[in-house]
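Participant: 3D model of this:
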Amino acid sequence: MTTDRYTAATATRARYEPTQIETVLARLAPRALRSQKTDAELQALREAQLTTAVSRTPRPRIGIYAMVQPHQNPAVRLAVVRGLAVRNGWLLERAPAVDFTGMTDPVTRPQLARLLDDLDHDDIDGIAAMSRTDFSDCNGDYEDALQRIHARRGFLALATTETDI
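Facilitator: Model (predicted):
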């Protein structure tokens, strides 16, 4: 339909659809350009994901995860997480996953990748760890880990809060 004031070329779109280039650039944007979430915001995000998941599945199946330095004994961290699972009545579905990599990028850790794969295959409903330092002490990396877990319809449960690093 064309009139003196209106043509299809001048009409504004009702909804903005990003172009393919904009989508790729958004994914490649350095983390420094994103607004950094505070520890409290990350805790609220994690707890919201946990509440949603537990409301869906009252007795979720979980995998226990710990990251330690090479040659460090993970027994204490695993015991604390097992206690968290027992107190909440969660089902321990897998043997504990322990990465002896130290503070490396969470994407490169083989045991964390195994748990994420278990989430993909619906073998577990969530991951439990002692603290956020099992994933990263960097807010950006930790937020990325939360997003990867949430994208798989999973949750992260911690024995300590994000502010108790």
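Participant: per-residue confidence for the residue nearest the centre of the chain?
Facilitator: By C-alpha atoms, centre = their mean, the chain has its centre lying nearest to L146, at 1.6 Å. pLDDT for L146: 92.
Participant: packing partners for the helix or strand containing it?
Facilitator: Assigning secondary structure by DSSP states H and E places L146 in helix 139-151. Here helix 139-151 touches helix 39-56, helix 110-120, strand 156-158, going by 3 or more C-beta pairs under 8 Å, 6 or more residues apart in numbering; DSSP states H and E. Where you see a C-beta, it was placed from the backbone N, CA and C, and this is true even at glycine.
Participant: from D105, how far out is D117?
Facilitator: 17 Å (C-beta to C-beta, to the nearest Å).
Participant: what of M130?
Facilitator: Plainly put, M130 is 20 Å away from D105 if you go by C-beta to C-beta.
Participant: equivalent analysis for Y142, please.
Facilitator: Counting by C-beta to C-beta, the gap from Y142 to D105 is 12 Å.
Participant: those two: which has the busier surroundings?
Facilitator: Taking neighbours as other C-beta atoms under 10 Å, Y142 and D105 compare with Y142 leading, 23 against 12.
Participant: can you verify my assumption that the more buried one contacts S131?
Facilitator: No - counting by C-beta atoms under 8 Å, Y142 does not reach S131; the two are 10.5 Å apart.
Participant: and P58, helix, strand or coil?
Facilitator: coil (DSSP: H, G, I helix; E, B strand; the rest coil).
Participant: run a quick neighbour tally on the nearest residue to G126 once chain neighbours are set aside.
Facilitator: With C-beta to C-beta, 6 or more residues apart in numbering as the criterion, G126 has its nearest non-adjacent residue at 4.0 Å, and that residue is F155. For F155, the neighbour count with other C-beta under 10 Å is 26.
Participant: list phi and psi for F155.
Facilitator: phi -140, psi 160 (degrees, to the nearest 10).
Participant: and it, what does it touch?
Facilitator: With contacts defined as C-beta atoms under 8 Å, 6 or more residues apart in numbering, F155 is in contact with 46, 49-50, 52-54, 60, 125-127, 149.
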